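Colleague: just to be clear, the model below is a prediction. Sequence and coordinates:
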Number of protein chains: 2
Amino acid sequence: MARVHNFNPGPAALPLPVLERAQRELLDFEGSGMSIMEHSHRGKVYEKVHDEALERMRRLMAVPDTHEILFLTGGATQQFAQVPMNLRADGQSADYVIGGVWGKKAFKEASHLGKARIAATTELPDGRFLRVHKPSELSVDPKAAYLHITSNNTVMGTQLHDWPEDPGIPIVCDMSSDILSRPMDVSRFGVIYAGAQKNLGPSGVTVVIVRKDLIENGRKDIPFSLQYRTQAADKSLANTAPTFAIYMLRNVLAWVEEAGGLAWAIDQTEKKSSALYKVLTERSDIFRLSVEPESRSKMNVVWNMAAPELEAELVQRATAAGFVGLKGHRIVGGLRASIYNAVPLASVLALCDFLRGYEPGRPGV
Amino acid sequence: MARVHNFNPGPAALPLPVLERAQRELLDFEGSGMSIMEHSHRGKVYEKVHDEALERMRRLMAVPDTHEILFLTGGATQQFAQVPMNLRADGQSADYVIGGVWGKKAFKEASHLGKARIAATTELPDGRFLRVHKPSELSVDPKAAYLHITSNNTVMGTQLHDWPEDPGIPIVCDMSSDILSRPMDVSRFGVIYAGAQKNLGPSGVTVVIVRKDLIENGRKDIPFSLQYRTQAADKSLANTAPTFAIYMLRNVLAWVEEAGGLAWAIDQTEKKSSALYKVLTERSDIFRLSVEPESRSKMNVVWNMAAPELEAELVQRATAAGFVGLKGHRIVGGLRASIYNAVPLASVLALCDFLRGYEPGRPGV
């Protein structure tokens, strides 16, 4: 069948040219007589791909020399543990901003392993989060090891549009769902981490950007394999890297650079999100935006139907029309369009047309 | 160019039909209009693949109901930490058999995190290992949490052909390089783990088979994300799984089953390894087998040249003739042919012909 309009929340759409390249090269990578998957992670052929992925990541995010880029595994979920294990001294606390279910999960892991404190939360009594915190709501413990934030909340569709002022302690940011889609100053962060499967590539690799002094001063009484320094010392090849996932990451980064880099991604994100919010706002007779306007995510557009019983119907009709992945997260229900970099503007505009013309009970639409 | 004969130690050769299938399905998986990489790990389409991988693994290895199969990440290297973290009680020791560099690394991680003891070692003063331990050389601490062994030593080319008698404590086995190539009784083991990139698929997923009571009684004061119970409770989907690696694993397992299952793999392994050792033994004027005969690996055939200065020349001439990946591990030098399940018997027989006809200084060969 033809390729669908893919609004999956992650794993998510990949750029068609990137998939076509992978398909073309799958049996014989660059005339080597084997697939990239069959190359040794220590061999020259793969190493070139690996190095290029690191270089492109550094260039696209303008990562300064003060920071190391690591390719790890286990997703953001494993970073929920690796961050406190590496950065928090014995008996020391860490500060967490709770802006959604993932930040809550990060806090839960940190509390399980040691001392952690909530620096701000916007959780409602019913468990929803309809906005991000305001700067005035943030109280930072100056002795904490770090301040942990989540830049974008995939489930609720909220996004932190302003980074915190320098809190005097390192900022650790889970940027899984909006990395490479927004203006960036890496020097403001102690750690940035992101599972690749939303904006960077397929699942199976986690990009972790860490300030070098935090690596050097990191704890040594934790497993060797989970110390950032182990991977930093070996270019993320301390164990057999997930080579195909990194190859795909390299290809996605190359595609973004060819399209115009971060500036292009930011521009596309603005166009896509504003088009979608426009139609959802215009048709407020049918659609309900629960998230407060200044907290709305430009990556995950979440809405409900004024008549909740129509939500399943809309998802069904959208799917039939070639728009897939629109069902909201099981925690909050409703609908969600995840519009990562690989989702073409044309797909979003087609969805806008579909939503603009939507009439409940008229299955022909 | 044509596909080469791939003797890489891991990541390693993949079956051509498996790669062709992946290539065919890459843009549109089973008519879904998207790549398997673009499907949600929580969606029906991917879940079917995931479940099939679990089922095929269970069938091929005849994994009893007493054991859980997990798909994790971080390779065997991360298991070096996860095993003692999950299985060893506070203050308790664990026993390690050191038969090669990987067992040594596992012991190093376990010692770093707590108490560990060497139950047997065959390391020579110069750091080499030319044989595996004899049953009489094993001393087991009955109070240890487990006995850790490595079934096959990829670097030195040795293999434990007989499993230890029941030591009265759980046996934990790193089976990364010979899983699914030898007779198997999973019920003898507390834990079996294997990075996929040798006998099972591409890198990026680690198969871990754990006895259910060890999961249930495992420690709870370690990170949630590293507890076996977390993944066991969620069918290894507690975090976003490395979906493409598991899809490839599924395809490799399907290919093995269609070829005749474990019995077929064992038979092929016998044929390939005996053909290769035969020519190396016959041409003892040129080749030297250092590993003691009863310890020789059927997966990684390691040898030297009688004239060490010819090793680089042989690797070069073999590469020119289409046999790649034969350079020995940087730690021991020499040559090594890794003949995992995906390396066709025909490739091994072609290599045998090449070696049989090899004359030093006759580059025309």
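Modeller: Received it, and whenever you're ready, just let me know what you need.
Colleague: where in the stretch 201-350 of chain A is pLDDT low?
Modeller: For the stretch 201-350 of chain A, no stretch has pLDDT under 70.
Colleague: show me which residues of it sit near chain B.
Modeller: The stretch 201-350 of chain A has residues A:202-205, A:223-226, A:238-245, A:248, A:322, A:324-325 near chain B, with proximity defined as Cβ under 8 Å from any Cβ of the partner chain. From N, CA and C alone the C-beta is placed, and that goes for glycine too.
Colleague: list the buried residues for stretch A:101-120?
Modeller: Going by neighbour count (16 or more other Cβ atoms under 10 Å in any protein chain shown), the buried part of stretch A:101-120 is A:101-107, A:109-116, A:119-120.
Colleague: state the distance from A:Glu137 to B:Arg317.
Modeller: A:Glu137 sits at a distance of 70 Å from B:Arg317 (criterion: Cβ to Cβ, to the nearest Å).
Colleague: so for these two, which sits in the more crowded spot?
Modeller: When A:Glu137 and B:Arg317 are compared for neighbours, B:Arg317 comes out ahead with 18 against 12, by other Cβ atoms under 10 Å in any protein chain shown.
Colleague: related to what we said a few turns ago, go back to the buried residues of stretch A:101-120 and keep what's next to chain B.
Modeller: Residues of the buried residues of stretch A:101-120 in contact with chain B (Cβ under 8 Å from any Cβ): A:Glu109, A:His112, A:Leu113.
Colleague: isn't A:Ala307 up against A:Gly334?
Modeller: No. Between A:Ala307 and A:Gly334 there is no contact under Cβ atoms under 8 Å: 12.0 Å.
Colleague: so the two - more neighbours on which side?
Modeller: Neighbours per residue, other Cβ under 10 Å: of A:Ala307 and A:Gly334, the larger number sits with A:Gly334, 20 against 12.
Colleague: residue contacts, the more buried one?
Modeller: Residues counted as contacts of A:Gly334 (Cβ atoms under 8 Å, 6 or more residues apart in numbering or on different chains) are A:Ser290, A:Val302, A:Trp303, A:Asn304, A:Met305, A:Pro308, A:Glu311, A:Gly328.
Colleague: mind checking the SS state of the fourth one?
Modeller: With DSSP: H, G, I helix; E, B strand; the rest coil as the basis, the three-state label of A:Asn304 is strand.
Colleague: next, A:Val315: secondary structure please.
Modeller: helix.
Colleague: from chain B, how far off is it?
Modeller: Distance, A:Val315 to chain B, by Cβ to the nearest Cβ, to the nearest Å: 13 Å.
Colleague: count the residues that sit near that residue.
Modeller: Residues contacting A:Val315 under the criterion other Cβ under 10 Å number 19.
Colleague: my guess is it contacts A:Lys327. True?
Modeller: Yes. Look at A:Val315 against A:Lys327 with Cβ under 8 Å: they come within range, at 5.1 Å.
Colleague: anything in contact with each of the two?
Modeller: A:Leu335.
Colleague: name the helices or strands packed onto the host helix or strand of A:Asp353?
Modeller: Taking DSSP states H and E as the definition, one finds A:Asp353 inside helix A:345-356. In this structure, helix A:345-356 makes packing contacts with strand A:5-6, helix A:261-282, strand A:323-324, judged by 3 or more Cβ pairs under 8 Å, 6 or more residues apart in numbering or on different chains; DSSP states H and E.
Colleague: where exactly do the strands run in the stretch 201-350 of chain A?
Modeller: Applying DSSP state E, counting those that start in this stretch to the stretch 201-350 of chain A gives strands spanning A:206-211, A:287-288, A:300-305, A:323-324, A:335-338.
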